[in-house]
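> Let's see this in three dimensions:
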Amino acid sequence: MSGWLVAIAVVVASLGTVVALALVRKIADRFGSDDPSLVRAVLWFLAAVAGVIGISFLGNVWLAGAVVVVLSVWSLVGAALDARGAPARQRAAMLQLYAVLFGASYAHASSRGMLTGLGASTSLSFALHDQLGQFALPLAEKLTVFSTRADPTFAIALVAQGLGRHFVLVLALSTFAFASYAAAYFSTRPLALPGVELLPFPRVATLVFVGVVGVHAFLPPTRMPGLVLGLVTISLTPLFVADGGALIHRWLSRFRTRGLILVFCLGASLLLPALLVLFAVFGVLAQLLGLRELLPFAALDEMPLKRPRLSSLLVSLTVAALIMGATTLLAQRSLSRASPRLGVGTHVCGATEAVVDWKARSVSFEVAGARFSMDLDETPLSRAPRRATDPAQVCEVSGKRLCTSDEWYLACACTYPLEVETGTKRSTLYALVARAERERLAPALGREEPSVAADKRSELRSLITGRSEIVAGGNSSSILLAGPNDLTRDPWTVDCRYRARVTPQALEQPMTDVAAVRCCR
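Prediction:
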């Protein structure tokens with residue numbers, strides 16, 4: 001569902017964008033000048049940058065969103081006026097528009113917790129994060145596998161950084177593409193193909209880019225210098241990706257479908273970020289080795305970007321939205337097979353309370369169509385018996401079995417009946433977040449004493465406040481996780497319906513310290 005929610009939002013935003021571009025162009029046609037003042041352009045840009053900086057100090061995410069909209073329209077009007085000047089002014093207008101839009105989007109996403117998932121609350125924010133997670137999971141898992149640090153908090157932060165980088169990279173590429181489109185749409189004459197040539201000294205900028213990438217590779221991603229250099233790297237990457245794409249476009253000049261080939265490559269890069277790296281490498285080589293002059297065809301700058309139509313923008317964004325929605329179909333079907341009862345309401349919990357056996361440390365549930373016993377305590381993989389070589393054997397050594405995804409969900413739904421909504425998880429539940437926080441602050445349950453909590457169903461705790469628990473229902477190529485990881489204090493995952501798929505390699509050190517199993521009978 002998350003992909004389709006994002007798709008609908010993209011379509012609605014596309015309609016708003018088309019309307020905004022049409023209005024801004026009319027404003028520029030009426031008030032614009034063929035020779036805009038340089039002082040006016042600088043003041044226009046400085047005002048937009050000041051607004052971008054101010055977003056980081058706004059505590060209200062809705063106010064920050066309104067500021068982003070105002071800054072975007074302000075920047076579009078400025079670009080529409082500057083794009084009517086000399087070629088140098090046109091290129092400067094494109095770079096200014098890209099810098100402001102990317103900076104505003106990044107600041108807004110950071111304030112809403114959309115870069116790492118922390119602090120997000122609205123259904124659309126969660127859906128976008130979940131959608132990007134579909135794309136970025138392979139990248140995040142590789143970062144975890146290659147990590148040699150045993151600190152679980154560092155491992156989770158590394159995964160979050162991988163997801164955040166992927167999100168920021170997609171944001172930078174899409175913003176640069178839109179800035180190029182808008183600049184071409186506003187201009188009274190064709191623009192040169194965008195790329196590193198937009199900068200005053202392209203080869204010097206390329207050397208700086210290579211140096212920043214080299215230094216950034218040796219810095220911890222969670223420290224401020226690493227974050228700053230990473231952001232600089234990502235913000236410059238679209239220029240080199242554009243150069244590399246232009247090279248490939250010319251090399252494929254004999255094929256009539258070369259445009260479709262490039263679009264396919266860019267679409268595949270969402271799943272395989274290495275393709276974007278390859279494009280960027282081509283762009284770097286084009287600058288450092290002088291491929292623009294050596295290749296047996298006209299310079300790339302001589303191929304102008306013609307004034308596009310708004311209908312092309314609307315069609316392309318709508319197709320992209322449909323593709324984003326379709327990417328969740330396979331994942332949702334797989335999850336439905338693993339948890340066919342996922343989303344069943346609390347009416348299945350029955351009229352009787354769960355029976356707790358404090359000596360056996362288990363609780364029995366009898367619900368509509370199911371009866372099972374679940375351990376009160378989870379077993380972290382880091383403290384699993386030595387005889388167990390995989391998660392299932394952790395339970396088998398004690399004569400039990402791994403709880404299924406449905407059993408975990410039903411136990412959670414019947415333990416937290418007031419906060420569980422029907423349907424697939426799409427948003428954070430504020431009541432459940434508050435309940436989880438109370439459980440985190442509450443003392444541990446006694447070995448032989450029942451809970452004295454007001455809610456009699458709360459004897460089975462740490463389902464939503466403990467480690468991510470491995471549940472049965474995955475296939476040979478993936479492992480299904482249920483529940484949050486308490487080390488991250490992440491309100492995104494405080495929900496009985498939360499599920500995540502990871503590869504078996506992701507459970508190797510140091511991820512074993514943040515995963516657990518809960519056994520059933």
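> can you pull out the helices in the stretch 401-521 of the chain?
405-415, 430-441 (DSSP state H, counting those that start in this stretch).
> cool, the stretch 51-200 of the chain as well?
For the stretch 51-200 of the chain, the helices defined by DSSP H, counting those that start in this stretch cover 61-82, 87-111, 123-146, 152-186.
> Mind telling me which of those the model trusts least?
Least confidently modelled of the helices of the stretch 51-200 of the chain is helix 123-146, at a mean of 58 by mean pLDDT.
> ok, so what distance separates residue 321 from residue 71?
Here residue 321 is placed at a distance of 24 Å from residue 71 (C-beta to C-beta, to the nearest Å). Every residue, glycine included, has its C-beta placed from N, CA and C.
> These two: who's more crowded?
residue 71 (25 against 21; other C-beta atoms under 10 Å).
> I figured that one was touching residue 48, is that so?
Yes - counting by C-beta atoms under 8 Å, residue 71 does reach residue 48; the two are 5.6 Å apart.
> Quick check: neighbours shared by those two?
Counting by C-beta atoms under 8 Å, 6 or more residues apart in numbering, the residues touching both residue 71 and residue 48 are 100, 104.
> what ranges of the stretch 151-300 of the chain fall below the confidence cut-off?
Applying pLDDT under 70 to the stretch 151-300 of the chain flags residues 151-165, 191-193, 220-223, 253-254, 270-273, 292-300.
> Run a quick neighbour tally on the residue nearest to residue 31 when sequence neighbours are not counted.
Leaving aside its sequence neighbours, residue 31 sits nearest to residue 81 (C-beta to C-beta, 6 or more residues apart in numbering; 7.6 Å). Look at residue 81: counted by other C-beta under 10 Å, it has 23 neighbours.
> can you tell me which residues contact residue 335?
342, 499.
> Okay, and it sits in which element?
For residue 335, the host element (DSSP states H and E) is helix 310-338.
> Go through that helix and flag the buried ones.
Residues of helix 310-338 classed as buried: 313, 317, 320-321, 324-325, 327-328, 331, 334-335, 338 (neighbour count, 16 or more other C-beta atoms under 10 Å).
> State the pair within the residues you listed that is farthest apart.
313 and 338 (39.1 Å; C-beta to C-beta).
> quick one: stretch 197-212 to chain centroid distance?
With C-alpha atoms, centre = their mean, to the nearest Å as the basis, stretch 197-212 stands 28 Å off its chain's centre.
> Name the residues of the helix or strand residue 18 falls within that come out as buried.
Following DSSP H and E, one finds residue 18 within helix 2-31. For helix 2-31, the neighbour count (16+ other C-beta under 10 Å) marks 2-7, 9-11, 14, 17, 20-21, 24-25, 28 as buried.
> circling back: would you list the buried residues of helix 310-338 in CSV and tack on distance to residue 167 and pLDDT?
Formatted as CSV, those follow (distance: C-beta to C-beta, whole Å; pLDDT from 0 to 100):
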residue, distance to residue 167, pLDDT
313, 22, 84
317, 18, 84
320, 16, 80
321, 17, 83
324, 13, 77
325, 18, 79
327, 15, 72
328, 16, 73
331, 18, 70
334, 23, 76
335, 22, 78
338, 26, 83
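> Pick the one among those residues closest to residue 187.
For the buried residues of helix 310-338, the nearest to residue 187 is residue 313 (15.1 Å; C-beta to C-beta).
> pretty sure that closest one is touching residue 14, no?
Yes - contact criterion C-beta under 8 Å: residue 313 and residue 14 qualify, at 7.3 Å.
> coming back round to it: where among the helices of the stretch 401-521 of the chain is the average confidence lowest?
Across the helices of the stretch 401-521 of the chain, the lowest-scoring stretch is helix 430-441, with a mean of 75.
> which stretches of the stretch 351-500 of the chain have low pLDDT?
Using pLDDT under 70, the flagged stretches of the stretch 351-500 of the chain are 351-352, 386-389, 420-430, 444-459, 474-477, 485-493.
> how does it look with 50?
Scanning the stretch 351-500 of the chain for pLDDT under 50 picks out 452-456.
> which residues of it fall in strands?
For the stretch 351-500 of the chain, strands defined by DSSP state E, counting those that start in this stretch occupy the ranges 355-357, 362-367, 370-375, 379-380, 401-402, 468-471, 479-482, 499-502.
> Could you identify the helix or strand that succeeds the helix or strand where residue 207 lies?
Per DSSP H and E, residue 207 falls inside helix 202-216. Next in sequence after helix 202-216, counting helices and strands by DSSP H and E, comes helix 224-251.
> Run the angle between the helix or strand just after that following helix and helix 310-338 for me.
Using DSSP H and E, the helix or strand that follows helix 224-251 in sequence is helix 258-268. Counting by axes from the mean of the first three to the mean of the last three C-alpha atoms, to 10 degrees, helix 258-268 lies at 40 degrees to helix 310-338.
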